[in-house]
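Q: Could you work out the structure for the sequence below:
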Amino acid sequence: MIEIFQYDFMVRALVAALLVGLAAPAVGTFIVQRRLALLGDGIGHVALTGVALGFLTGTAPVFTAVLVSIAGAVAIELVRARGRTTGDVALALLFYGGIAGGVLLIGLAPGGSNATLTSYLFGSISSVTAQDVWVIAVLTAFVLGVVATFGRELFVLCQDEEVAKVNGLPVRFLSLLIAVTAALTVVIAMRVVGLLLVSALMVVPVATSQQVTRGFRATMALAMLLGVVATVGGLTSAFYAGVAPGAAIVLLALAGFVLALGAGRFLRRYRAKEAGA
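A: Numbers count the residues shown, from 1 in each chain. Predicted coordinates for the structure are as follows:
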């Protein structure tokens, strides 16, 4: 186990995984509560266009992915709020446009091919640079700062948008804030988990936590802990097994959900017996 720390790229990857494990479930708690579990998938597809745009223009792919992801997240929220299109249809449009734009642009990039996008689609532990770690750290600090600062307001919004309006909360601003924060989280996680699987890390730890906890704060806290366990544990497993890190991380998270599902049923039966006694 100690040998994993002898490789600089693994140390960088583990630090990145730790940060991703904290940020993704924190934002995912609000997304799941608002019944937008597929939002991360939609933004991930749009981020693919941003990555390809970076290769086409010779710009850092992470930078262009941030810009394009934020633009896509804002667009999907505006379409959902103002248009006649429902949330699931708007997300489907984001899916199709994002993946098509990414494939088209990478084909136009000098020396580009679909294989170039593989590390961004499925994650790559060996390609995480020191610069990536710093970018991930800054974005994670911003995401967690938003959660800490606006957590109460976002909770009310996710519970009931009409109640939030009655209480005088800036619903439009908070809705856009969730979308932008989700976009940044997708970019944070794409180097470790991959764009195609990042949504799972935003949703599965939250769903797992909901099986055994009561209360919003407890759910978020446990989800963040489970996120860290899944990312660090999955990354370590991927290193020794020689498999894609994103797949290992998501499968470990899903295994935790299955265990929590059984534990949750046991706890509910136990509480019911205690209440009946």
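
Q: Helices of the stretch 1-150 of the chain, start to end?
A: 8-33, 39-57, 61-82, 87-108, 118-122, 130-159 (DSSP state H, counting those that start in this stretch).

Q: typo on my end, the stretch 151-277 of the chain
A: When secondary structure is read from DSSP H, counting those that start in this stretch, the stretch 151-277 of the chain shows helices at 161-166, 171-189, 198-212, 216-241, 245-276.

Q: burial of the closest residue to Leu184 other than its chain neighbours, as a residue count?
A: Counting by Cβ to Cβ, 6 or more residues apart in numbering, Leu139 is the residue found nearest to Leu184 once chain neighbours are left out, at 5.1 Å. For the C-beta atoms, the positions are set from N, CA and C on the backbone; glycine is no exception. Leu139 sits with 21 neighbouring residues when counted by other Cβ atoms under 10 Å.

Q: In contact with Leu139: list those residues for me.
A: Leu139 sits next to 23, 66, 184-185, 187-188 when contact means Cβ atoms under 8 Å, 6 or more residues apart in numbering.

Q: rerun at 7 Å
A: 184, 187-188 (Cβ atoms under 7 Å, 6 or more residues apart in numbering).

Q: cool, and Leu14?
A: If you count contacts by Cβ under 7 Å, 6+ apart, then Leu14 has 232, 235 around it.

Q: Thr208 and Gly256 touch, don't they?
A: Yes - taking contacts as Cβ atoms under 7 Å, Thr208 lies within contact range of Gly256: 5.1 Å.

Q: Give the residue spans of the stretch 51-200 of the chain that score low on pLDDT.
A: 82-88, 90, 111-116 (pLDDT under 70).

Q: how near is Val62 to Ala75?
A: 20 Å (Cβ to Cβ, to the nearest Å).

Q: which one of the helices of the stretch 1-150 of the chain lies closest to Thr213?
A: Nearest to Thr213 among the helices of the stretch 1-150 of the chain is helix 8-33 (10.9 Å), distances taken as Cβ to Cβ.

Q: so how far is that closest one from its chain's centroid?
A: Computed by Cα atoms, centre = their mean, to the nearest Å, the chain-centroid distance of helix 8-33 equals 8 Å.

Q: what angle sits between that helix and helix 130-159?
A: 10 degrees (axes from the mean of the first three to the mean of the last three Cα atoms, to 10 degrees).

Q: what mean pLDDT does helix 8-33 have?
A: For helix 8-33, mean pLDDT is 89.

Q: Give me the buried positions along that helix.
A: 10, 12-33 (16 or more other Cβ atoms under 10 Å).

Q: next one: stretch 49-58
A: Neighbour count says stretch 49-58 has 49-56 buried, by 16+ other Cβ under 10 Å.

Q: Export those residues to JSON lines and append columns for distance to Gly262.
A: Shown next, in JSON lines, are the buried residues of stretch 49-58 (distance: Cβ to Cβ, whole Å):
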{"residue": "Thr49", "distance to Gly262": "41"}
{"residue": "Gly50", "distance to Gly262": "40"}
{"residue": "Val51", "distance to Gly262": "39"}
{"residue": "Ala52", "distance to Gly262": "42"}
{"residue": "Leu53", "distance to Gly262": "45"}
{"residue": "Gly54", "distance to Gly262": "44"}
{"residue": "Phe55", "distance to Gly262": "45"}
{"residue": "Leu56", "distance to Gly262": "48"}
